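S.K.: Got a sequence here, can you build the structure:
(chains A, B and C)
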Amino acid sequence: MIVDGTAPAALPSQLPQSPPIRSRLALTIAGFGALAIASCVLAPLVGSSSISLRRALDSSIPFASNVDAQILFIARLPRVLAGALVGAALASAGVVFQALLRNPLATPFTLGVSAGASLGAMLVIILGGTLAVGPLSPVPAASLAGAGLAAAIVYALANGPRRVMSTTVLLLAGVTLNAFFSALILFVQYLADVAEVYRATRWLMGDLDVGSFTPIVAALPLIVIAGIIFARMPSALNLMGVDSDSAAARGVDVAATQRWAFFSASLATSAAVALAGPIGFIGIVVPHLVRLLVGVDHRIVLPASALFGATFLVISDMLARTLLAPVEIPVGIVTAIIGGPFFLWLLVREA
Amino acid sequence: MSYLVAHEVSYAYPRRGRAVAMPAVSEVTLAVERGSFTGLLGPNGCGKTTLLKMMAGILRPASGTVTLAGRALADMPRRVAARHVAVVPQDTHPAFDYTALEIVLMGRHPHLRPTQLEGPGDLTIAHQSLQSTGTLHLADRPFTSLSGGERQRVVIASALAQQPDVLLLDEPTASLDLGRQLEVAALLRRLSRENDVTMVMATHDLNLAASMCDTLALLRQGRLLHHGSTADVLTETAVRQLYDVEADVQFHQASGHLTVTPVRRIG
Amino acid sequence: MAARSRSLIARLRLRHLRLRLAGSISLPALRAGVVVAAVAFVAACRAAEAPSAATEPRIVSLVPAVTEMLFAIGAGRQVVAVSSYDHFPPEVSALPKVGALIDPDTERILSLRPTLVVVYGSQNDVEARFKKAGVATFNYRHGVTDAILGTLDTITALGAATGHEAQARELVVRMTSNLDKVRMAVAGRDRPRTLLVIGRQPKTLQGIYVAGGGGFLNEMLEIAGGQNVFEDIKRESVQPSSETLLRRAPDALLELRATEPAGNYPGGDLEVWNTLASIPAVRNQKVQALVGDHVVVPGPRLAEGAEAIARALHPDAFK
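M.R.: Coordinates of the predicted model:
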């Protein structure tokens, strides 16, 4: 259509009068929410041993002697809830990191937060610390501390006073820290006893069998805080995802949004890794799958990814504990087996 | 009436490791009249993009102020300022695969509360903006699948969706071929005339500026050399001062505006 | 007949006379010769005992279990260096530490001029290096089936390799008899279904490792009158989930630890098990911790370890 100096005709009347965003958002949340609820209800009913649901819910049997109830409420339910929480946290952190780094291939682990968390956990497992921090066992506490340290280092390197964060510096700092901490992890393992090395390696594969609700309750406030910060960001992330200058011109405080994005996504990732170890591929597979289904508007992608991340991890853990029962596959391996080929397919598709 | 005014603004980009920052703009005063079409001309690195960004509120001047209808831009919340001033950047490379309509709808951001979603009214304005740039039929196409000219028109539509009084454009036709250039030029002229949008366009294309702008501001090395009507400012002396080029400036009958034909480089 | 014997005696007398004559001249020389011969004989015997050159044996051990064995069979004086993870018997604290499974310091070991180095069965390249340097090696293999028998065989072989066969034999006999004593003390009693926990993340129920149906821990448990609740999984260690633990419902639970973790309070953090209330061991308060190397090292103190486990499971059998 060649544009000359003439005024445009009136708008065609068959255009939709109601914006798609509202209905799409409602539909998406309803759909993914239903999936998440369904998986959280189904997963505790499935396991390596069969339980009688009727016996488990029979309140006349004292809880302390009701094996079926104990399995359902102590062994399986915390696991499913931990899976939902960690899956939601990692998937949404993935979306935010991808927006921050303007790169759909970024993951929550790209900037070294997970490597810091792993190093903290390694040191405690191998050096055998037993200092407890309140209700937290020493390993999650050290893991959180390590993650915080890594995030602080990356933040300090990439930040100048009131300057917009350079995504290049952010990426380089994060990748370098990743490599450095990974080397330290290997070194610590090298110095350790064989049994401790095995335990440390096992931690790195991810474990949702948290054993009680206490670790979940400890991680919950951190993830909720991150979630609250996430809730105010999607519109700004959209604008920044198109053009940084235009976003600034339209009223987005780009520097502040970047800082909040980095902080909240690192917080969610740290809490998730401290709770269940570094479970990979959720932060990249889930956002991509969601984008394929609902488009790239962050206002839809962010909540949908959180819900789908929960579903994804709960189902993965369900598979992990039933496929080769009674042997349990570490959940990080299941997510990698599903996620790896998918990711390769994505790359082939993009090329 | 002076609508958007930059008073004695200066800016210097911080240089890593160097003690003294390189000044990009030095004490420039530029008053833009309501309804005018001003061209910012000058060679590469003369500071026109920096000046434009300061006038848009993207950069804070190191000294001096920018006022909009008498009020200092720095005193206004960015959102409020964005309802009056819109920016069309030179290149737009989205990191994600937004559709044209989604990108245009982002122009409604200054009119919405932080977590508010667009309503039917916003959608209508977005459609109208696309219509006025002739890109309505591209609404559901991914932005990255559009040609250069189509992209630029969508970005202009996005800026129009802000319903601004002033449109600041940074080299809007730099990456376009001749045909697309004329398209965009005609579009901008029409918008300026009919929609009463004040335009400030940074460009180094002298002929384009001559065809579109009624006012010109010439910048060199961060300083304002001349500011006035096109006919007064666009002279052979000016060209020589700006570009070190000897040129022939003539009124071209068929096109209806001044043309600049370079003859040779000096020095 | 008489004439022949008479001439024999006469000949002997003559010889005796000759000898006496010879003796009166060279008896000191003869005595010296005998002493020299005796010394040479003993030296030759010594040389035949020692694995290499005619020097005092110098042993380096990279395996803590074998270090204990060496000291138990009287070869302790010959040990010149131990692994980084050795702390029993107390004498080893004075000895240099030269690494272990992953990081043996071969240079340092060779600098100590060892005559025998005890290596792990999987340390093939390290072993090859020592062989090239002309140093004898003792290969330690850790068994999953018949593990205790394997340990006793190791002690015997060690005795042969270090010239302490008698003491080794004595130790094996003593250990066997002690193990039998434990077996007899608990004979005929009910064998509780037992969970042997060998590792756990402190203060939680995460990262639990238990002894499986293979290896010396399982065999010790059997001797001590217990039945491994994971007997069917023929591995040395198993990592069960909470669900599996609840399902297997052991009657007794023993946590085996080499040392008491620093900063721990009496009783440790065993209260974390209270979460799994339906496990009979928890309900009947049969959750205990056993601390010490003797319960986790497959060495000379196996019998003590088995007895410790037996006392925990059947306290009334040892009154």
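S.K.: Give me the nearest residue to C:G226, chain neighbours excluded.
M.R.: C:T194 (3.9 Å; CB to CB, 6 or more residues apart in numbering or on different chains). Heads up, the C-betas are built off the backbone N, CA and C, glycines and all.
S.K.: I'd assumed the one you found was in a helix, is it?
M.R.: No - secondary structure assignment (DSSP: H, G, I helix; E, B strand; the rest coil) places C:T194 in strand, not in a helix.
S.K.: Dump stretch A:265-273 to CSV, keeping only the CA atoms.
M.R.: What follows is stretch A:265-273 as a C-alpha-only set of coordinates in CSV (Å, rounded to 0.1, in the frame of the first residue of the first chain):
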residue,chain,number,x,y,z
ALA,A,265,14.7,-13.2,40.0
SER,A,266,17.9,-13.9,41.9
LEU,A,267,15.8,-14.2,45.1
ALA,A,268,13.4,-16.7,43.6
THR,A,269,16.2,-18.7,42.1
SER,A,270,18.2,-18.8,45.4
ALA,A,271,15.2,-19.9,47.4
ALA,A,272,14.4,-22.6,44.9
VAL,A,273,17.9,-24.0,44.7
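S.K.: What is the neighbour count of the residue nearest to C:G226?
M.R.: The local packing of C:T194 (other CB atoms under 10 Å in any protein chain shown) involves 27 other residues.
S.K.: Contact partners for it?
M.R.: C:221, C:226-229, C:250-254, C:313 (CB atoms under 8 Å, 6 or more residues apart in numbering or on different chains).
S.K.: mind checking how far it is from C:I223?
M.R.: From C:T194 over to C:I223 the distance is 12 Å, taken as CB to CB, to the nearest Å.
S.K.: try B:G148
M.R.: Distance from B:G148 to C:I223, by CB to CB: 84 Å.
S.K.: repeat for C:R113
M.R.: Where C:I223 is concerned, C:R113 sits at a distance of 41 Å (CB to CB).
S.K.: who has more neighbours, those two?
M.R.: Applying other CB under 10 Å to C:R113 and C:I223 shows that C:I223 carries more neighbours, namely 21 against 12.
S.K.: after the helix or strand hosting B:A238 comes which helix or strand?
M.R.: Secondary structure from DSSP states H and E places B:A238 in helix B:236-243. Counting by DSSP H and E, the next helix or strand C-terminal to helix B:236-243 is strand B:245-252.
S.K.: quick one: is the helix or strand just after that next one near chain A?
M.R.: Where DSSP H and E defines the elements, the next helix or strand beyond strand B:245-252 is strand B:257-265. No - no part of strand B:257-265 sits near chain A under the criterion CB under 8 Å from any CB of the partner chain; the closest distance found is 14.2 Å.
S.K.: Run the angle between strand B:257-265 and helix B:236-243 for me.
M.R.: Interaxial angle, strand B:257-265 versus helix B:236-243 (axes from the mean of the first three to the mean of the last three CA atoms, to 10 degrees): 60 degrees.
S.K.: how about stretch C:99-119: buried residues?
M.R.: By neighbour count on 16 or more other CB atoms under 10 Å in any protein chain shown, the buried set for stretch C:99-119 is C:99-101, C:104-106, C:109, C:114-119.
S.K.: Using CSV, write down the CA coordinates of stretch C:94-104.
M.R.: Extracted in CSV, the C-alpha atoms of stretch C:94-104 (Å, rounded to 0.1, in the frame of the first residue of the first chain):
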residue,chain,number,x,y,z
ALA,C,94,52.5,-38.5,64.3
LEU,C,95,52.9,-40.0,60.9
PRO,C,96,53.0,-38.0,57.6
LYS,C,97,49.8,-38.0,55.6
VAL,C,98,50.2,-38.7,51.9
GLY,C,99,46.7,-38.5,50.3
ALA,C,100,44.2,-41.3,49.7
LEU,C,101,42.0,-42.6,46.9
ILE,C,102,41.8,-39.6,44.5
ASP,C,103,44.9,-37.7,45.4
PRO,C,104,47.8,-39.9,46.5
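S.K.: Report how many residues lie close to A:I74.
M.R.: 23.
S.K.: Now do the same for it: helix, strand or coil?
M.R.: helix.
S.K.: dump the residue contacts of it.
M.R.: Contacts of A:I74 were listed using CB under 8 Å, 6+ apart, and they are A:211-212, C:242, C:246, C:275-276.
S.K.: Now with 10 Å, please.
M.R.: Applying CB atoms under 10 Å, 6 or more residues apart in numbering or on different chains to A:I74 gives the contacts A:63, A:211-213, C:205, C:242-243, C:245-246, C:275-278.
S.K.: likewise B:I266?
M.R.: For B:I266, the contact set (CB under 10 Å, 6+ apart) comprises B:240, B:243-246.
S.K.: where do the strands sit along the stretch 51-200 of chain C?
M.R.: C:59-61, C:79-81, C:116-120, C:136-140, C:193-199 (DSSP state E, counting those that start in this stretch).
S.K.: Quick check: which of the ones you listed has the most neighbours on average?
M.R.: Mean neighbours per residue, mean count of other CB atoms under 10 Å in any protein chain shown, is largest over these for strand C:59-61, with a mean of 29.
S.K.: That strand pairs with which strands, and in what direction?
M.R.: Strand C:59-61 has the following sheet partners, assigned by DSSP bridges: strand C:79-81 (parallel), strand C:116-120 (parallel).
S.K.: Now render those as a markdown table, adding mean pLDDT and distance to A:L119.
M.R.: A markdown table is the format used below for those (pLDDT from 0 to 100; distance: least, CB to CB, whole Å):
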| stretch | mean pLDDT | distance to A:L119 |
| --- | --- | --- |
| strand C:79-81 | 91 | 32 |
| strand C:116-120 | 90 | 28 |
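S.K.: Turn those strands into CSV, including distance to A:R55.
M.R.: Converted to CSV, the strands paired with strand C:59-61 look like this (distance: least, CB to CB, whole Å):
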stretch, distance to A:R55
strand C:79-81, 60
strand C:116-120, 49
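S.K.: for the ones you listed, which one sits closest to B:L30?
M.R.: Of all the strands paired with strand C:59-61, it is strand C:116-120 that lies closest to B:L30, at 80.9 Å by CB to CB.
S.K.: And the helix holding B:A238, what does it pack against?
M.R.: strand B:37-41, helix B:206-212, strand B:215-220, strand B:223-229, strand B:245-252, strand B:257-265 (3 or more CB pairs under 10 Å, 6 or more residues apart in numbering or on different chains; DSSP states H and E).
S.K.: let's see it at 6 Å
M.R.: strand B:215-220, strand B:245-252 (3 or more CB pairs under 6 Å, 6 or more residues apart in numbering or on different chains; DSSP states H and E).
S.K.: Next, the buried residues of that helix.
M.R.: Applying 16+ other CB under 10 Å to helix B:236-243 flags B:238-239, B:242-243 as buried.
S.K.: Next, give phi and psi for B:T67.
M.R.: Main-chain torsions, B:T67, degrees, to the nearest 10: phi -120, psi 150.
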